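> Output the structure for:
(one chain, ligands or ions: 1)
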Amino acid sequence: MLAILAVAMIPPALAESLEGDVARGRTLYKKCQGCHPLKPGKHNSWGPNLHGVIGRKAGSAEGYGYSDALQAADFIWTAERLEEFLRDPKAYLPGVTMVLKPLPDAQARADIIAYITAASSRD
Ligand code: HEC
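I've put the predicted structure just below:
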């Protein structure tokens, strides 16, 4: 309830400032790059390719061997879901094998998501 109130009380200007910045997101994506290619194609790395991940079913990158948790996940990645996942991956999807510290910085999450979205729209 408190959380809902807090969200409702964010003034529009602040909510807008959380719009992702693609350039900052590109720099922040270095946190992900070692494990996640972001170029079109089927190649995966330690983690699955994230090109086009938004709009894709969770656990469905071709040729990648996911954990049971991601194989069983029955949803489509949206920016909102990705946002929550990055806030605390293991809390969002118990059993996920991705090793990433929670990202408490909401602006950083928004920036990374903006960059993934922009990079995914390029061939
Ligand atoms: C140390 C390696 C590593 C890092 C760093 C990492 N990931 Fe992952 N990620 C993984 C692995 C491994 C999986 C697959 C987990 C599973 O099968 O449970 C995964 C899964 C994912 C998924 C689900 C993909 C799908 O196809 O359903 C998303 C989204 C994701 N990571 C985003 C990110 C983002 C964004 C970052 C950077 C902020 C990041 N990851 C950093 C290893 C990593």
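> right, and the helix or strand after the lowest-mean-pLDDT helix or strand in the chain?
Using mean pLDDT, DSSP states H and E, helix 12-17 stands out as the lowest-scoring helix or strand of the chain, at a mean of 47. Where DSSP states H and E defines the elements, the next helix or strand beyond helix 12-17 is helix 22-28.
> which residues are in contact with that following helix?
Contact partners of helix 22-28, identified using Cβ atoms under 8 Å, 6 or more residues apart in numbering, comprise A108, D111, I112, I113, A114, Y115, I116, A118. (Glycine included, C-beta is placed from N, CA and C.)
> try it again with 6 Å
For helix 22-28, contacts defined as Cβ atoms under 6 Å, 6 or more residues apart in numbering pick out A108, D111, I112, A114, Y115, A118.
> So which of these sit within helices?
Taking DSSP state H as the definition of helices, these contribute A108, D111, I112, A114, Y115, A118.
> Which one (most neighbours) among those residues?
I112 (26 neighbours; other Cβ atoms under 10 Å).
> in the chain, what spans have low per-residue confidence?
Along the chain, the model assigns pLDDT under 70 to residues 1-17, 123.
> try 80
Within the chain, the segments meeting pLDDT under 80 span 1-17, 42, 122-123.
> and it, which of its residues are near the ligand?
For the chain, the residues in contact with the ligand (Cβ under 6 Å from any ligand atom) are 31-32, 34-36, 46-48, 50, 53, 58-59, 61, 66-67, 69-70, 77, 82, 86, 96-100, 112.
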